[in-house]
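S.K.: task: produce atomic coordinates for the following.
(one chain, ligands or ions: 2)
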Amino acid sequence: MTNHNRIKSVAIIGAGAAGAVTAAAFAAENFFERIQVFERKGSAGGTWIYDPSPSSGLPIIPGSLPPDLDPPLRIPNDLPKVTSPSEQERFAETPIYSSLTTNVPAVAMSFSDLPFAYGPFVPHHIPRQYLESYFSHHKTDSLLSLNTTVEDVSVIKAGNGQKERWKLTLRKRDLVRQVDVWWEDEFDAVIFANGHYSVPFVPRVKGLGEYIEKYPGRVVHSKIYRTPLLWKDKRVLVIGNSASGHDVTAELISTAQLPVYQSRRSASRWDGSEPPPGIAWKPIVKEYLSSGRIIFDDDTYLDGIDTVIYCTGYLASFPFWNAKNNGREIWDYSRNKLVKNYLHTFFQDFSTLAVVGIPRVLTFRSFEYQAIALARLFAGRESVKLPPVEEQEKWEKEREVQRKKDGKKYHDIEWDTGETLRWLDDLYRIAGLPLLTGEGRVPPVLGEEVRWAIEHLRKYPEPGTGDDGNGKEKEEESLSSGGGWVLVDRGLQKDLLSFI
Ligand SMILES: Cc1cc2nc3c(=O)[nH]c(=O)nc-3n(C[C@H](O)[C@H](O)[C@H](O)COP(=O)(O)OP(=O)(O)OC[C@H]3O[C@@H](n4cnc5c(N)ncnc54)[C@H](O)[C@@H]3O)c2cc1C
Ligand SMILES: NC(=O)c1ccc[n+]([C@@H]2O[C@H](COP(=O)([O-])OP(=O)(O)OC[C@H]3O[C@@H](n4cnc5c(N)ncnc54)[C@H](OP(=O)(O)O)[C@@H]3O)[C@@H](O)[C@H]2O)c1
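M.R.: Residues are numbered from 1 along each chain as shown. Ligands and ions are numbered 1, 2, ... in the order given. A predicted model of the protein is given here:
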């Protein structure tokens, strides 16, 4: 990298796990003159910040996508400016519920250079405290700009002897004066670490829109779920069968009217051939009738349901991406993927833009490999150059075709097939060799202890009496605060980390 092209300033959007490790990796290079982490919430921690009383007014519009649900704010003219506080819903609250514990063993979930306080599966305040400490541990806490939302990211194209740069429009909520302070700033590079579990997804179902209108408050999303106490003696239908659907259904057994109904599109890793006591399984919903009746795919129906809890996940949202200025969208909602990306991290057409944290894979630990590869590459250290754009395009195209053929999601990375290790290895190689003088971080090895924990420690008990369908299961010890954990032999058909 010539001195002219040198990246001196870096903006990181988000102070969750991805932002925490990205800030640490960039700071460790001791190369960049300015690193700033913009976080819209009042502290670091991202997903792991527990918001005890979430807004009950989250819009539920079946089939609606983030560009409509979470549109950009109108930016005032002539910045800097002070305005009255924006009231627009930004989905900044997190979905953490009171009893939530982690579902990945601590030794594999934590970053390699700082252990969790304890493990293997910990209550949600542990990762939250951990992430705040991680900033101070690396003295990157001073890089944080809190209560500051990035509202616009616009490229300043290279030309006239100038390199590619980025203009950010920022909005800080001044909590003392109760105003929004707006300004602009420029950076040589931008890393998106903004997460993708903020904007809830509710599928389009016949009659659901009318049902929501006719029965206000009856349909909610798991994002606002905190405790089963709200549904004491109620007749509840839960939609979805991944981590949220599983946990919410299981918790409701203690308070709601039994059985708690759970609508499943597909079986999860934890399901046996029969539902656990207190739960009745239903297929997907076919139609909602104005009488309140809910009809399922097998033509069975339920009447008198008090609440429907959609545990149907989230969609990535980038309201700050100025597609008009930047010449293209950043996310393709029809394919549910980043546009023009390479290795879920880099962009083919913007060499100074990157994203950490998108794939569904090991979380914190994978972000570490992404962050280190990026820091080494952007610092122009011993990193290995990315392949030519044509090769990156080929990678994207081939992945899209293959995943479609396999009926799998583009950004899901599997453990069982060895794909996770291959992906981490790609990032590991891009990061290159350490410097003899020691600047910067090198990616950690993914050692036997970590791999063993991933493959053998599970939070969720396997179904039935101990047989997981193929491998054996034995109750080993009960020590996590949210319940027991189990040690199992491998051998399940669904990917081991499909629930992450
Ligand atoms: C309910 C739930 C439970 C989970 N449990 C586990 C688990 O047990 N184990 C596990 O490994 N993973 C779990 N995950 C996945 C979890 O999301 C990851 O562990 C990890 O926390 C993601 O980190 P992130 O930094 O990518 O995103 P986030 O944690 O979402 O952080 C993104 C940050 O960016 C900020 N931000 C967004 N937009 C802007 C903007 N425009 N300007 C400024 N700031 C912005 C957000 O406020 C947020 O703080 C869970 C997720 C959910 C939703
Ligand atoms: N630590 C914990 O214990 C914990 C607890 C809760 C959540 N989480 C995390 O939170 C994140 C989000 O999990 P999540 O469970 O909320 O979402 P999710 O994993 O995305 O699961 C969405 C669920 O909705 C179903 N679904 C999606 N579209 C549907 C449709 N059109 N019709 C019917 N069903 C549909 C899916 O079915 P299919 O399976 O058939 O696709 C799936 O069961 C994950 O990272 C997860 O690990 C962790």
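S.K.: from here on, contacts and neighbour counts on C-alpha atoms
M.R.: Fine.
S.K.: helix, strand, or coil at the closest residue to residue 79 other than its chain neighbours?
M.R.: Nearest non-adjacent residue to residue 79, counting by C-alpha to C-alpha, 6 or more residues apart in numbering: residue 183, 5.4 Å away. The three-state label given to residue 183 by DSSP: H, G, I helix; E, B strand; the rest coil is strand.
S.K.: and residue 183, what does it touch?
M.R.: By C-alpha atoms under 8 Å, 6 or more residues apart in numbering, residue 183 lies in contact with 79-81, 169-171.
S.K.: how close does it get to residue 252?
M.R.: Computed as C-alpha to C-alpha, to the nearest Å, the residue 183 to residue 252 distance reads 46 Å.
S.K.: do residue 315 as well
M.R.: With C-alpha to C-alpha as the criterion, residue 315 and residue 252 are 25 Å apart.
S.K.: neighbour-wise, which of the two wins?
M.R.: Between residue 315 and residue 252, counting by other C-alpha atoms under 10 Å, residue 252 is the more crowded of the two (27 against 17).
S.K.: ok, and the closest non-adjacent residue to the more buried one?
M.R.: Once flanking residues are discounted, residue 252 sits nearest to residue 228: 5.2 Å by C-alpha to C-alpha, 6+ apart.
S.K.: how many residues are close by that neighbour?
M.R.: 19.
S.K.: so residue 332 touches residue 339, yeah?
M.R.: Yes: in terms of C-alpha atoms under 8 Å, residue 332 counts as a neighbour of residue 339; the distance is 6.1 Å.
S.K.: right, and residue 242 touches residue 271 too?
M.R.: No: counting by C-alpha under 8 Å, residue 242 does not reach residue 271; the two are 10.5 Å apart.
S.K.: and the two? Which one has more around it.
M.R.: The residue with more neighbours, out of residue 242 and residue 271, is residue 242; 21 against 17, by other C-alpha under 10 Å.
S.K.: how close does the more buried one get to ligand 1?
M.R.: Distance check for residue 242 against ligand 1: by C-alpha to the nearest ligand atom, to the nearest Å, it reads 11 Å.
S.K.: got the residues of this protein near ligand 1?
M.R.: Contact residues, the chain versus ligand 1 (C-alpha under 6 Å from any ligand atom): 13-19, 38-41, 45-47, 92, 95-96, 102-104, 109, 148-151, 193-197, 357, 363, 500.
S.K.: ok, residue 246 - contacts?
M.R.: Residue 246 makes contact with residue 240, according to C-alpha under 8 Å, 6+ apart.
S.K.: from ligand 2, how far off is it?
M.R.: From residue 246 to ligand 2 the distance is 8 Å (C-alpha to the nearest ligand atom).
S.K.: and the strand or helix carrying that residue, what's its mean pLDDT?
M.R.: Taking DSSP states H and E as the criterion, residue 246 maps to helix 243-252. Averaged over helix 243-252, pLDDT sits at 96.
S.K.: distance check, the closest residue to residue 178 other than its chain neighbours against ligand 1.
M.R.: With sequence-adjacent residues excluded and distances taken as C-alpha to C-alpha, 6+ apart, residue 178 is closest to residue 85, at 6.6 Å. From residue 85 across to ligand 1, the span is 16 Å (C-alpha to the nearest ligand atom).
S.K.: would you confirm that residue 85 contacts residue 177?
M.R.: No: with contact defined as C-alpha under 8 Å, residue 85 and residue 177 do not form a contacting pair (9.9 Å).
S.K.: who has more neighbours out of these two?
M.R.: Shown here are residue 85 and residue 177; by other C-alpha under 10 Å, residue 85 has more neighbours (16 against 10).
S.K.: quick one: residues contacting the more buried one.
M.R.: Residue 85 neighbours (C-alpha under 8 Å, 6+ apart): 173, 178-180.
S.K.: out of the residues you listed, grab the one that's most surrounded.
M.R.: Busiest of the contacts of residue 85 [other C-alpha under 10 Å] is residue 173, holding 24 neighbours.
S.K.: beta partners for residue 332?
M.R.: Taking DSSP bridges as the rule, residue 332 bridges to residue 337.
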